[in-house]
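K.L.:
Sequence and predicted structure, then a few things I'm wondering about:
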Number of protein chains: 2
Amino acid sequence: MSGKVEMVTMRDVAQASGFSPATVSIVLNNAPLARYIAPATKKRIEDAARKLGYRPNAMARFLRSRRSQTVGVMIFDITDPFCTPVLRGIENALYQSSYVPIFADAHNQRSRFERYLEMLLEHHVEALIVVANWLFVDIQLLADLSKRNITAATIGWEVPGDSVSSVMVDNEAGGRLALEHLYHLGHRKIAVIRGPKMLIDSGPRWKGVQKFAHSVSLELDPSLVAQLPDELEANSGFEGGYRFTEELLERKKKFTAVLAFDDLTALGAIRALTKAGIKVPEQCSVVGFDDVPLSALAAPSLTTVRQPLEAMGNLAASTVVEGIKAGLEKRDWSISRHKMPPELVIRDSTKAVPAAATMG
Amino acid sequence: MSGKVEMVTMRDVAQASGFSPATVSIVLNNAPLARYIAPATKKRIEDAARKLGYRPNAMARFLRSRRSQTVGVMIFDITDPFCTPVLRGIENALYQSSYVPIFADAHNQRSRFERYLEMLLEHHVEALIVVANWLFVDIQLLADLSKRNITAATIGWEVPGDSVSSVMVDNEAGGRLALEHLYHLGHRKIAVIRGPKMLIDSGPRWKGVQKFAHSVSLELDPSLVAQLPDELEANSGFEGGYRFTEELLERKKKFTAVLAFDDLTALGAIRALTKAGIKVPEQCSVVGFDDVPLSALAAPSLTTVRQPLEAMGNLAASTVVEGIKAGLEKRDWSISRHKMPPELVIRDSTKAVPAAATMG
DNA sequence: GATCTGCCTTGAAACGATTCAAACAACGGA
DNA sequence: TCCGTTGTTTGAATCGTTTCAAGGCAGATC
């Protein structure tokens, strides 16, 4: 209860057990040489370590072995509800492999991203996972990492070249799923809110929508289609969805459904509809994209195209851990590019189109 | 573009600049001795470092100086929307001081908490911030940390004794604020959903509610008061709020407002009311607590008692950084216990009680 | 010319682990 | 007795910094 606890070092364990530090190291790490160590020796060393409460010093270990047991996790904006499940997935996978995540939040700022990258490199992370949803393109990143052979993976984003693994949702399939759902419910006049140009997701999703429309000869009225502006604010989608929907209503456009770029946009659209006295889903259906956690809690709960966010985080982390292992064992290893299948989650914000459209 | 980049060490900088590693270290760290170094020398060393792209090796530095530039951030469950803003606040403050957060998510499991604590100690974090909202009480934690003199702070929680700083909201004042608001809107028949016993917040909030009720001679009908069960699931509050409200309605209880333990509970209550055809806020007001990010997006947007979550994270982080500094300079330093003032945020889920109550 | 004073700069010892080549002990066979 | 073998254990170097007592070198003082 009084003075500081002196750190217990390997030397202490060696002394206590009567063997040399070398032997202790070999036993405690179960290094290859451990197979030559007498069982009795192992036991005595392990007992001593336990008794003294020995904890290896991660830093000292690193210095010799080049292993920091640390992975950098760079998030573009933790405030975005998209990130939380992804982070959970990453954390969980790393935990299984006894890696510790160093958390970096870029706040959507490039300068912050770079400074954090610098810090992560100083801490010699063994791998880097970047959760981003737009084009942070950074050649420096690519060069720095692959040269220092730090395995890296991105989530929701892809880096050109073949040095970084990636995990994404199949956006095109997702776009298709969303429109297909509305179409099968009988909707024909559908407003579409496309994502900002700067987001990599926007293009493919829209393509999926168009392709499906084409396949069933559905004409998408261009005056019902809008594109969200490029914005860095985390919740700007909500605003955007709200404004565009409001505008459509003011212009007295007719539509029975809104296909929104993502869940926040959908929520914004719903807010505008509700405010104008239009009931969702009775008078107008709304479908989102992502299935962020709050979508299930919203009122009405949101029909959406689900990205398996936690699984994506998990996969990315497992991938880099695999990459680290391969590097250690000097095995060959090539990056992977995963496209996860999206899944339609039907909740309360969509409904079959009423026999007679009630909106004007 | 070919082989790996060899690490640039301080020795390389020394060689390139024509000085010794000692001098380089002194200059690059701007150590006390730096005031004796000739300006020209400094410049040459700094130039060389820049040119070679020298990056200090955090591990090696630690080994000598005992400073890992690392702070452990233990979160009880990142899935809880409460945590995100807090995490943001912590991250931001640490970033300002060039500390890097090591992220640990206990998933509400004690075993995981302990394992992570172990890992954080191995990585020699210079401080620990624990975001928890219930009694994880752990004597081990206390002993281990203060003995190894690692400064620690908790958020939303307090540790007995005087070794750990804490930042909390003033729950009692918050409870008061919530009821006061409803009362001033004219509500008299108010259902109250108290928090789970295991949460430290529950008691004081309820106490605040009671005190205010007493001060205005308002009688709280015990049959309109429920307590959420002890549950570890992150979103269990929603379920709880839903179920209790549903039950009240089934029992045909009369009330014009619900005072919920937290935002999720409030959202659950709203869901139940809406499902029963009762309009919020026209027929029934609902007030939450916390002001988690999704409260503003919910429909109707939620009136709630705001905890300054980001500020709380920020404060906790600044506090431990201060503690680290004090320790380094062998200054005296005593822990602090902050109680942040809550703030009523009026949105769309509350309204003056109608002249004639319409509910049965 | 010896000694003293500042100024700058540096040698060398840590820090706590890992890693091999090498040492050691014991034993059987020649 | 000597050698080789087998089965265990270890000495000593090393990783990249930091730190501080000590060193070198002008110029000033006696």
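P.N.:
Sure thing, it's come through.
K.L.:
Sketch out the strands for chain A, chain order is fine.
P.N.:
Along chain A, the stretches classed as strands by DSSP state E are A:70-75, A:100-105, A:127-131, A:151-155, A:165-169, A:190-194, A:225-227, A:257-259, A:285-290, A:303-306, A:337-340, A:343-345.
K.L.:
Out of those, which is closest to chain B?
P.N.:
Comparing those against chain B with CB to the nearest CB, the closest turns out to be strand A:100-105 (3.9 Å). C-betas here are computed from N, CA, C, even on glycine.
K.L.:
Next one: the closest one, is it in contact with chain B?
P.N.:
Yes. Using CB under 8 Å from any CB of the partner chain, strand A:100-105 reaches chain B at A:100-105.
K.L.:
hey, where'd the helices end up in the stretch 51-200 of chain A?
P.N.:
A:58-65, A:83-96, A:110-122, A:139-147, A:171-184 (DSSP state H, counting those that start in this stretch).
K.L.:
Tabulate the strands of chain A in TSV, adding columns for mean neighbour count.
P.N.:
Formatted as TSV, the strands of chain A follow (neighbours: other CB atoms under 10 Å in any protein chain shown):
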stretch	mean neighbour count
strand A:70-75	26
strand A:100-105	24
strand A:127-131	27
strand A:151-155	27
strand A:165-169	24
strand A:190-194	24
strand A:225-227	17
strand A:257-259	30
strand A:285-290	29
strand A:303-306	26
strand A:337-340	16
strand A:343-345	17
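K.L.:
Dump those strands to a markdown table, plus mean pLDDT.
P.N.:
Below are the strands of chain A laid out as a markdown table (pLDDT from 0 to 100):
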| stretch | mean pLDDT |
| --- | --- |
| strand A:70-75 | 96 |
| strand A:100-105 | 98 |
| strand A:127-131 | 95 |
| strand A:151-155 | 94 |
| strand A:165-169 | 96 |
| strand A:190-194 | 97 |
| strand A:225-227 | 96 |
| strand A:257-259 | 97 |
| strand A:285-290 | 98 |
| strand A:303-306 | 98 |
| strand A:337-340 | 97 |
| strand A:343-345 | 98 |
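K.L.:
ok so, going back, looking at the helices of the stretch 51-200 of chain A, spot the one closest to DNA strand D.
P.N.:
Closest approach to DNA strand D among those (CB to the nearest atom of the strand): helix A:58-65, 3.5 Å.
K.L.:
and the angle for the closest one with strand A:100-105?
P.N.:
Angle between the axes of helix A:58-65 and strand A:100-105 is 100 degrees (criterion: axes from the mean of the first three to the mean of the last three CA atoms, to 10 degrees).
K.L.:
how big is the angle separating helix A:58-65 from helix B:110-122?
P.N.:
Going by the same axes, to 10 degrees, helix A:58-65 makes 60 degrees with helix B:110-122.
K.L.:
average pLDDT across helix A:58-65?
P.N.:
Mean pLDDT, helix A:58-65: 92.
K.L.:
Counting by contacts, list what it packs against.
P.N.:
Counting contacts by 3 or more CB pairs under 8 Å, 6 or more residues apart in numbering or on different chains; DSSP states H and E, helix A:58-65 packs against helix B:58-65.
K.L.:
where among the helices of the stretch 51-200 of chain A is the average confidence lowest?
P.N.:
Among these, helix A:139-147 scores lowest, with a mean of 70.
K.L.:
ok, back up a step: JSON lines for the strands of chain A, including distance to DNA strand D?
P.N.:
JSON lines is the format used below for these (distance: least, CB to the nearest atom of the strand, whole Å):
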{"stretch": "strand A:70-75", "distance to DNA strand D": "16"}
{"stretch": "strand A:100-105", "distance to DNA strand D": "19"}
{"stretch": "strand A:127-131", "distance to DNA strand D": "19"}
{"stretch": "strand A:151-155", "distance to DNA strand D": "20"}
{"stretch": "strand A:165-169", "distance to DNA strand D": "27"}
{"stretch": "strand A:190-194", "distance to DNA strand D": "48"}
{"stretch": "strand A:225-227", "distance to DNA strand D": "48"}
{"stretch": "strand A:257-259", "distance to DNA strand D": "54"}
{"stretch": "strand A:285-290", "distance to DNA strand D": "42"}
{"stretch": "strand A:303-306", "distance to DNA strand D": "46"}
{"stretch": "strand A:337-340", "distance to DNA strand D": "33"}
{"stretch": "strand A:343-345", "distance to DNA strand D": "48"}
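K.L.:
could I get those as TSV with distance to residue A:36?
P.N.:
Formatted as TSV, the strands of chain A follow (distance: least, CB to CB, whole Å):
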stretch	distance to residue A:36
strand A:70-75	31
strand A:100-105	31
strand A:127-131	32
strand A:151-155	32
strand A:165-169	38
strand A:190-194	65
strand A:225-227	67
strand A:257-259	66
strand A:285-290	55
strand A:303-306	53
strand A:337-340	42
strand A:343-345	53
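K.L.:
I'd like to know which of the ones you listed is closest to residue A:42.
P.N.:
strand A:100-105 (27.0 Å; CB to CB).
K.L.:
From the chain's centroid, how far away is that closest one?
P.N.:
13 Å (CA atoms, centre = their mean, to the nearest Å).
K.L.:
before we move on, what about stretch A:7-16?
P.N.:
On CA atoms, centre = their mean, the centre of stretch A:7-16 falls 42 Å from that of its chain.
K.L.:
So for it, mean pLDDT?
P.N.:
93.
K.L.:
Please enumerate residues in contact with that stretch?
P.N.:
A:20-21, A:23-25, A:28, A:45, A:48-49, A:51-57 (CB atoms under 8 Å, 6 or more residues apart in numbering or on different chains).
K.L.:
filter the residues you listed to the buried ones?
P.N.:
Neighbour counting with 16 or more other CB atoms under 10 Å in any protein chain shown marks A:23-25, A:28, A:45, A:48-49, A:54, A:56-57 as buried within the contacts of stretch A:7-16.
K.L.:
picking that back up, of the residues of strand A:100-105 next to chain B, which ones also sit close to DNA strand C?
P.N.:
Among the residues of strand A:100-105 next to chain B, no residue lies close to DNA strand C (CB under 7 Å from any atom of the strand).
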